[in-house]
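> Can you look at this prediction? I've put the sequence above it.
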Amino acid sequence: MEESSNDKLIGYAIDDNGFIIDTVLVGGNFDYIYSNVITVPYNSEYHRNRWDGEKWIEGETEEEKTERESQQLLESLKPSPDEIADAELEIKMLTMLTDLGVIQ
């Protein structure tokens, strides 16, 4: 249970499927908290936290996992701005050396 100042808790509003839809500040009387607000800290290792009624579980589907991993792979294959600048410089040097007849 994450505590904040003035006897307040950080809670997580969840939808009907158990997925976090908002972070809320729960104040004062903790005897009654709405059933869709969970005050148990979520697991930061999960990609898509889902409350199963007792605990946080991984809510990411296989399809979502495949899509996320594909996007991560695509991002990892993109050249960095420094790599692009180096390649442009190399092309300019090769063009210049070709124009001067140093290379063919």
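Happy to help now that I have it. Numbers count the residues shown, from 1 in each chain.

> just the strands in this protein please.
All strands of the chain, identified by DSSP state E, fall at 3-4, 8-14, 20-27, 37-38, 49-51, 56-58.

> now the ones you listed in TSV, with mean pLDDT and distance to Arg68?
The way it works is simple: take the backbone N, C-alpha and C, and place the C-beta from them, glycine included. TSV is the format used below for the strands of the chain (pLDDT from 0 to 100; distance: least, C-beta to C-beta, whole Å):
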stretch	mean pLDDT	distance to Arg68
strand 3-4	46	31
strand 8-14	88	21
strand 20-27	88	17
strand 37-38	91	24
strand 49-51	95	14
strand 56-58	96	12
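
> how about the ones you listed, which one is nearest Gln72?
Smallest distance to Gln72 across those (C-beta to C-beta): 16.6 Å, for strand 56-58.

> Low-confidence ranges, the protein, go.
1-6, 28-33 (pLDDT under 70).

> thinking again about what came up before, quick one: the strands of the chain as CSV, columns for mean neighbour count and distance to Glu67 too.
Output for those, formatted as CSV (neighbours: other C-beta atoms under 10 Å; distance: least, C-beta to C-beta, whole Å):
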stretch, mean neighbour count, distance to Glu67
strand 3-4, 10, 35
strand 8-14, 18, 23
strand 20-27, 14, 19
strand 37-38, 18, 26
strand 49-51, 20, 17
strand 56-58, 16, 15
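
> Ile103: which of the ones you listed is closest?
Closest among these, once you apply C-beta to C-beta, is strand 56-58, at 55.1 Å.

> Show me the strands paired with the closest one, marking each as parallel or antiparallel.
Counting by DSSP bridges, the strands paired with strand 56-58 are strand 49-51 (antiparallel).

> Contact partners for Pro81?
Contacts for Pro81 (C-beta atoms under 8 Å, 6 or more residues apart in numbering) come out as none.

> Skip the chain neighbours and tell me the closest residue to Val24.
Gly11 (4.8 Å; C-beta to C-beta, 6 or more residues apart in numbering).
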